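In: Coordinates for the following, if possible.
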Amino acid sequence: MFQETTYLELSEPGGGTHKFYEVTVDGPQLTMRYGRIGDRGRVKSTSYADNARARQEAAKKIGEKVRKGL
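Out: Numbers count the residues shown, from 1 in each chain. I've put the predicted structure just below:
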């Protein structure tokens with residue numbers, strides 16, 4: 001099984017917000033890393049029954065962030 005990673009960034013003009021959100025699916029494992037650009041960020045990992053379920057949850061989380069503007 002190969003690892004899939006999606007990386008999103010939000011940088012507002014004028015030096016405002018600079019955030020990132022990274023989602024990685026590796027088999028049944030879903031790992032989310034998020035925080036300010038330039039920092040290591042926070043990490044949250046969750047295991048699912050199979051890769052399909054982990055990918056489904058990753059798509060859901062990515063969709064939420066895209067709708068919110070990140």
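In: Tell me the helices and strands packed up against the helix or strand encompassing residue 31.
Out: Element membership of residue 31 [criterion: DSSP states H and E] is strand 29-36. On a contact count with 3 or more CB pairs under 8 Å, 6 or more residues apart in numbering; DSSP states H and E, strand 29-36 meets strand 18-26, strand 42-47, helix 51-68. In short, each C-beta sits where N, CA and C put it, glycine included.
In: Give me the angle between it and helix 51-68.
Out: If you take axes from the mean of the first three to the mean of the last three CA atoms, to 10 degrees, strand 29-36 sits at 20 degrees to helix 51-68.
In: before we move on, the earlier item: can you say which of the helices and strands packed on strand 29-36 is packed in most?
Out: Of the helices and strands packed on strand 29-36, the one with the most neighbours on average (mean count of other CB atoms under 10 Å) is strand 18-26, at a mean of 18.
In: So for that one, mean pLDDT?
Out: Strand 18-26 carries an average pLDDT of 95.
In: Surely residue 36 is in contact with residue 18?
Out: Yes: in this structure, residue 36 is within contact of residue 18 by CB atoms under 8 Å, at 6.0 Å.
In: Now the common contact residues for the two.
Out: By CB atoms under 8 Å, 6 or more residues apart in numbering, residue 36 and residue 18 have no common neighbours.
In: Tell me which residue of the protein is positioned farthest from its centroid.
Out: residue 14 (24.9 Å; CA atoms, centre = their mean).
In: That residue and residue 53, how far apart?
Out: Using CB to CB, to the nearest Å, residue 14 is found at 41 Å from residue 53.
In: Then residue 15?
Out: 40 Å.
In: separation between residue 31 and residue 68?
Out: To residue 68, residue 31 is 20 Å away according to CB to CB.
In: Please apply the same query to residue 19.
Out: Separation of residue 19 from residue 68 (CB to CB): 11 Å.
In: repeat for residue 55
Out: Separation of residue 55 from residue 68 (CB to CB): 21 Å.
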